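Engineer: structure for the following, please:
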Amino acid sequence: MGISEEEWKRLQKALDWPGPDQEITQLNQSTSPVHSTFSIVGLKESYKASVYGEVVDHCNGTYSVALLLPWEGQAQVYVRLEHSSEVVQILKKYREISEVVQCNLKWGADGGWSKGDCCCEYKDIKTGTVWQCERPKKLSCDKLVHHSFGGLENPLNPFEKQIFTKNLTNVAITGDTQIINVLPNTTGIGKCFFALSTMERCRSGMTKPVPAGFYLKDVWNSFVCNTQKFSSSQMGNCLKNKIVYLMGDSTTRQWFEYLERKVPDIKRMDLHTPRSCGPLMAVGLKNNIIVHWSPHGVPLRFTKMLITDLHYISNDIDEIAGGPHAVVVFTFFAHLVFHPITFYVHEVAKIHQSVVALLSRAPETTVIIKSGNTAGLKDIFQSDWYAMQLNTVMQEMFRDIDGVIYFDFWQMTSCHYLLENIHPVPVIIANEVDMLLSYICPA
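Structural biologist: All right, here's what the predicted structure looks like:
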């Protein structure tokens, strides 16, 4: 997979997730929000607010959640059972199964999902990744032109489908319903906002606390560094003489589209590619700004597009000269949840090698990893638990690389009052781009 045995053991330890203490054979034995409650320990009449909480599992059927309360007003505790332990076991079971479609990865000890001389194989020389397709009946293998996503085959048996029902997955848990009054306090709220106003400039290598910040009037206030709100003109000044390379999936395309709308004088060039699939490029002549967006290579669930427009992230990074004018941003999560974790480690290891080489030849390059985000999808195909596992791998494999900035947007997409979406809503995108610019142009 491109990593050492020690690194693989470290990843396995980080990804370890305990299962139920006994085998579940009937639905009424499963973890259930109907039979779960929560209570606020030491409930008082007034507090100082509420944000994302850190959950501690006591491994005895009880959990503790620590909540910071950093602003005044009313607040109410809301607890939700995202996935039961039984659901997580099913997710773990089926993560390693490749489904039989027209094209898929060639991966694993069995060499892929098909045998014999049935298939065309397309191997990337640099990454070693093999994509294979069923052999066409009339055309030769070198006639592959387009790529598009296929269907999904549900692997669950009838009992497992019951476990995944709406009654047990993504369901609110009943508990204390008292309204919490959050009062101003010179020893609490005052200190909180004073700390925000005297934070460090945003840079790589900064510690990410839990919580990493909070929303107040739809503005994310970071506890990590001094994030700013950028006007349109400030965006243009920040990106002046910059080349921004956005890579990955539709969530980085959302950033491209936001910059396209907000940065003065920036215009999209017609590259004769699909608007949703790319590659895309926008140029601002006045401030000498270039913004690229390109999708990562297969596996990728996009609509019909040219196979030649799909590039592996590591290969694209190898083609970038870098320098103080270059900003490289990539995300690599949502489309990988359907495939084995070992394949994901292999691909991230290749990206890791390319990033290290880029920073070696051009150490002033800004390199940013955009994490996966919560999606609001709770089925076997696109579970947030899968995405969280991939986030853990990416963080672990890049945690010791100086000069790499890791944007963890898990909290920002999970604690906003609007429903989670695999494509975050505009107000969240605005806060994400403000964070991006705060690292490019720290104050």
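Engineer: relative to its centroid, which residue of the protein is most remote?
Structural biologist: Lys138 (40.6 Å; Cα atoms, centre = their mean).
Engineer: which stretches in the stretch 201-350 of the chain count as strands?
Structural biologist: 213-216, 219-222, 243-248, 266-268, 280-284, 289-295, 305-306, 326-330 (DSSP state E, counting those that start in this stretch).
Engineer: out of these, which is closest to Met412?
Structural biologist: strand 219-222 (5.9 Å; Cβ to Cβ). In short, each C-beta sits where N, CA and C put it, glycine included.
Engineer: circling back to that earlier point, comparing the strands of the stretch 201-350 of the chain by mean pLDDT, which bottoms out?
Structural biologist: For the strands of the stretch 201-350 of the chain, the weakest mean pLDDT is recorded on strand 305-306, namely a mean of 83.
Engineer: name the helices or strands packed onto it?
Structural biologist: Judged by 3 or more Cβ pairs under 8 Å, 6 or more residues apart in numbering; DSSP states H and E, strand 305-306 is in contact with strand 146-147.
Engineer: what is the rounded mean pLDDT of the strand it packs on?
Structural biologist: 82.
Engineer: which residue is nearest the centroid of the chain?
Structural biologist: Gly372 (0.3 Å).
Engineer: isn't that residue right up against Gln389?
Structural biologist: No - if you go by Cβ atoms under 8 Å, Gly372 and Gln389 don't touch, sitting 9.6 Å apart.
Engineer: Phe38 pairs with what?
Structural biologist: Gly175 (DSSP bridges).
Engineer: check contacts around it.
Structural biologist: By Cβ atoms under 8 Å, 6 or more residues apart in numbering, Phe38 lies in contact with 77, 79, 173, 175-176.
Engineer: okay, those in CSV with neighbour count, distance to Val356 and pLDDT next?
Structural biologist: Putting the contacts of Phe38 into CSV (neighbours: other Cβ atoms under 10 Å; distance: Cβ to Cβ, whole Å; pLDDT from 0 to 100) gives the following:
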residue, neighbour count, distance to Val356, pLDDT
Val77, 17, 44, 79
Val79, 18, 42, 80
Ile173, 15, 44, 83
Gly175, 14, 47, 87
Asp176, 13, 49, 83
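Engineer: may I see the residues you listed arranged in TSV, with distance to Arg253 as well?
Structural biologist: Below are those laid out as TSV (distance: Cβ to Cβ, whole Å):
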residue	distance to Arg253
Val77	36
Val79	34
Ile173	35
Gly175	39
Asp176	41
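Engineer: please report how far the residue nearest to Arg80 when sequence neighbours are not counted lies from Glu82.
Structural biologist: Take Arg80 and drop its neighbours on the chain: the residue closest to it by Cβ to Cβ, 6 or more residues apart in numbering is Ala172, 5.3 Å away. To Glu82, Ala172 is 11 Å away according to Cβ to Cβ, to the nearest Å.
Engineer: more neighbours, those two?
Structural biologist: Under the neighbour definition other Cβ atoms under 10 Å, Ala172 and Glu82 were set side by side, and Glu82 has more, 16 against 10.
Engineer: quick one: contacts for the more buried one?
Structural biologist: Residues in contact with Glu82 (Cβ under 8 Å, 6+ apart) are 169-170, 378, 384-385.
Engineer: equivalent analysis for Pro264, please.
Structural biologist: Listed by Cβ under 8 Å, 6+ apart, the contact set of Pro264 reads 232-233, 235-236, 284, 286-287.
Engineer: make a PyMOL selection of the buried ones in those.
Structural biologist: Filtering the contacts of Pro264 down to the buried ones (16 or more other Cβ atoms under 10 Å) takes a single PyMOL command:
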select buried, resi 235+236+284+287
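Engineer: which of the contacts of Pro264 sits closest to Asp400?
Structural biologist: Met235 (32.2 Å).
Engineer: test my guess that that closest one contacts Leu259.
Structural biologist: Yes - using Cβ under 8 Å, Met235 is in contact with Leu259, at 7.2 Å.
Engineer: with only the CA atoms kept, save stretch 392-412 in CSV.
Structural biologist: Output of stretch 392-412 as CSV, limited to C-alpha atoms (Å, rounded to 0.1, in the frame of the first residue of the first chain):
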residue,chain,number,x,y,z
THR,A,392,-9.0,9.4,10.2
VAL,A,393,-6.7,7.8,7.6
MET,A,394,-5.9,11.1,5.9
GLN,A,395,-5.2,12.9,9.2
GLU,A,396,-2.9,10.1,10.5
MET,A,397,-0.9,9.9,7.3
PHE,A,398,-0.3,13.7,7.0
ARG,A,399,-0.1,14.6,10.7
ASP,A,400,3.7,14.8,10.7
ILE,A,401,4.2,16.7,7.4
ASP,A,402,5.4,20.3,8.0
GLY,A,403,3.8,22.8,5.7
VAL,A,404,0.5,20.9,5.1
ILE,A,405,-2.7,22.5,6.4
TYR,A,406,-5.6,20.1,7.3
PHE,A,407,-9.0,21.7,7.2
ASP,A,408,-11.3,19.6,9.4
PHE,A,409,-14.8,20.6,8.4
TRP,A,410,-16.5,17.8,10.2
GLN,A,411,-17.6,20.0,13.1
MET,A,412,-18.6,22.9,10.8
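Engineer: mean confidence score for it?
Structural biologist: 90.
Engineer: which residue ranges of the stretch 301-443 of the chain form helices?
Structural biologist: 313-318, 341-361, 384-398, 410-414, 426-440 (DSSP state H, counting those that start in this stretch).
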